[in-house]
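Asks: Here is a sequence with its predicted model. Questions after.
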Amino acid sequence: MNSSWAALRHPIFRSLWIVSAISSTCVSAHYNAATFLMDTQACPSFLISLISITAALPFFLFTIPAGILADRVNRKKLLCAINLWLAAGAFALVLFSWLSVLSPCLILFCVFLIGAGFAFNAPVSTAIVAQLVPKTELASVATLNGLQFNISGIVGPALGGLLIPVIGVNPIFTANAACFLVVVLVLRRWKQPVEPSDDRSEEPRPSFGAVVRCVRATPRLQVIMARNFEFSLFMSAIPAIAPVIGLKGLHFNSSELGLLFASMGAGSVIAALFILSWVRKLFAGHVLTLSNSVIALIYLLIPLIQEPSFFFLAAAFAGAGWTVSASELWAAGQQAIPDWARGRLTAAIITISQGATVAGGVIWSGLVVMGGANNALLEAGVLFSITVLLTTGSGRVKRFAGRFARIKAVFSLRNSQVIEVAPA
């Protein structure tokens, strides 16, 4: 089996992945429906913009406590409880709508509840992966999770937009709740392995200090966290700046703006399916450097583009680079984390990445206001390029360039052999 698909050999992981893909699609449609519902409430645009903030806020508030909890209790039972919580949050919107008491505040409250569920879900769902598949297949899990995220991000909003005028929002909310219940049914089929008590070298403690001590004790993890912060900080430039360039610079309409995000998703899917395993073979040990370099190059090229078709192509390359870098960082993090603190340290990585994404969004948006979108993306590209060079080091850059030279030599040798055997 192709290495990108290797983790699907395991029945429970395969079942969870399929159900989670369907559920993620419903979640994307759910948020689209919630936004539409806010608009029908005749509320100001400020409240509509609060939906994304309300959904993200729980990750800053609860991810670290969720990681601590994931190391203190049975993870299978915790995941079941979280998905029941998520189902209740989704169904609450149906109930409030049926009772005709739905208001913008209640919609935001339900979105916050669902966001809290996902904040608690993230560390524990990541932590149990190591119990579902061998550590040698964690890179495959990262690729498949990225593929699932991007497919649901493309299909969900589009499907929601098509169904809302036909069936309304309540069936979408109900389907979302039902998917969470199906996840619980699949989890109940899993026979969780019993972990030996002597495998836990430290008793988990519900404090941020415990997380800090865990990170200090794992130097490799410190590097991975720094790389996650760097990547998230610069990757946040795309959602902050690309839509502004499309709308203000290239004068996109709504369908073209949707195609922009679809192009990014399509690039991510193509990278997961066809590019990632090939890149890992040719550039073993240098994959993250290559993908980050591609993203930085795209940042430098986009401001020069005047045709929408080339802009979509550049967005697809950015999406592909995002998938490759995120997959490498996720797999490296999971391999470095000790099993006894997997939940807490996974939560720490998620919190750092989310914080960098928010900080980056503020920085790039500020640069757009001060100097325009094109200049802001150019500055992001220059800074990202410098950061990649500094974090890679001159020795690794030389080895990376040498890998390119060897690949070029192989292709040149093959071409010469073809010319020699060609008929006169």
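Replies: Arrived safely, thanks for sending.

Asks: Where does V212 sit, in terms of helix or strand?
Replies: helix 208-216 (DSSP states H and E).

Asks: Just the mean pLDDT for stretch 389-406, thanks.
Replies: Average pLDDT, stretch 389-406: 60.

Asks: no, scratch that, I was asking about stretch 7-17
Replies: Averaging pLDDT along stretch 7-17 gives 84.

Asks: Centre of the chain to the helix or strand just after the helix holding V212, how far?
Replies: Next along the chain after helix 208-216, taking DSSP H and E as the criterion, comes helix 219-235. From the chain centre to the centre of helix 219-235 is a distance of 14 Å (Cα atoms, centre = their mean, to the nearest Å).

Asks: Determine the set of other helices and strands touching helix 219-235.
Replies: Other elements packing on helix 219-235 under the criterion 3 or more Cβ pairs under 8 Å, 6 or more residues apart in numbering; DSSP states H and E are helix 208-216, helix 287-301, helix 308-336, helix 342-371, helix 373-392. Yep, even glycine has a C-beta here, placed from its N, CA and C like the rest.

Asks: got the angle between whichever helix or strand comes after it and helix 373-392?
Replies: Downstream of helix 219-235, the next assigned helix or strand under DSSP H and E is helix 237-244. Here helix 237-244 runs at 160 degrees with respect to helix 373-392, directions being taken by axes from the mean of the first three to the mean of the last three Cα atoms, to 10 degrees.

Asks: Please renumber the chain so that the first residue is 295 from this point on.
Replies: That works, and once the first residue is 295, the last one we named lands at helix 531-538.

Asks: Could you list the buried residues of helix 531-538?
Replies: Of the residues in helix 531-538, 531-532, 534-536, 538 count as buried by neighbour count, 16 or more other Cβ atoms under 10 Å.

Asks: so which of those residues comes closest to G675?
Replies: Proximity of the buried residues of helix 531-538 to G675 was ranked by Cβ to Cβ; the top entry is A531 with 8.3 Å.

Asks: any idea how far F523 is from that closest one?
Replies: Using Cβ to Cβ, to the nearest Å, one gets 14 Å for the distance from A531 to F523.

Asks: Okay, domains of this structure per the record?
Replies: Following automatic domain parsing, one gets these domains for the chain: 295-485, 511-686.

Asks: A416: how many residues sit nearby?
Replies: Using other Cβ atoms under 10 Å, A416 is surrounded by 25 other residues.

Asks: let me redo that: S679
Replies: 18.

Asks: next one: A386
Replies: Residues near A386, counting by other Cβ under 10 Å, number 19.

Asks: re earlier: between the buried residues of helix 531-538, which is closest to G613?
Replies: Nearest to G613, judged by Cβ to Cβ, of the buried residues of helix 531-538 is I532 at 8.5 Å.

Asks: tell me the contacts of F385?
Replies: 467-468, 471 (Cβ atoms under 8 Å, 6 or more residues apart in numbering).

Asks: Report the buried members of these.
Replies: Neighbour-count burial (16+ other Cβ under 10 Å) applied to the contacts of F385 gives 467, 471.

Asks: With distance to S587 and pLDDT added, can I get the contacts of F385 in CSV?
Replies: Written out in CSV, the entries for the contacts of F385 read as follows (distance: Cβ to Cβ, whole Å; pLDDT from 0 to 100):
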residue, distance to S587, pLDDT
F467, 43, 88
T468, 46, 91
A471, 43, 91
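
Asks: Out of the contacts of F385, which comes closest to I589?
Replies: Nearest to I589 among the contacts of F385 is F467, at 35.9 Å by Cβ to Cβ.

Asks: Out of the helices and strands packed on helix 513-529, the one nearest L453 is which?
Replies: Here helix 602-630 is closest among the helices and strands packed on helix 513-529 (Cβ to Cβ), at 19.7 Å.

Asks: Of all the helices and strands packed on helix 513-529, which one comes closest to P352?
Replies: So among the helices and strands packed on helix 513-529, helix 636-665 is nearest, using Cβ to Cβ, at 10.2 Å.

Asks: now for that closest one, which elements pack on it?
Replies: Partner elements for helix 636-665 (3+ Cβ pairs under 8 Å, 6+ apart): helix 339-366, helix 398-421, helix 502-510, helix 513-529, helix 531-538, helix 602-630, helix 667-686.

Asks: could the buried residues of helix 531-538 go into JSON lines alongside distance to A381 and pLDDT?
Replies: Shown next, in JSON lines, are these (distance: Cβ to Cβ, whole Å; pLDDT from 0 to 100):
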{"residue": "A531", "distance to A381": "36", "pLDDT": "83"}
{"residue": "I532", "distance to A381": "32", "pLDDT": "82"}
{"residue": "A534", "distance to A381": "33", "pLDDT": "73"}
{"residue": "I535", "distance to A381": "37", "pLDDT": "81"}
{"residue": "A536", "distance to A381": "34", "pLDDT": "79"}
{"residue": "V538", "distance to A381": "37", "pLDDT": "75"}
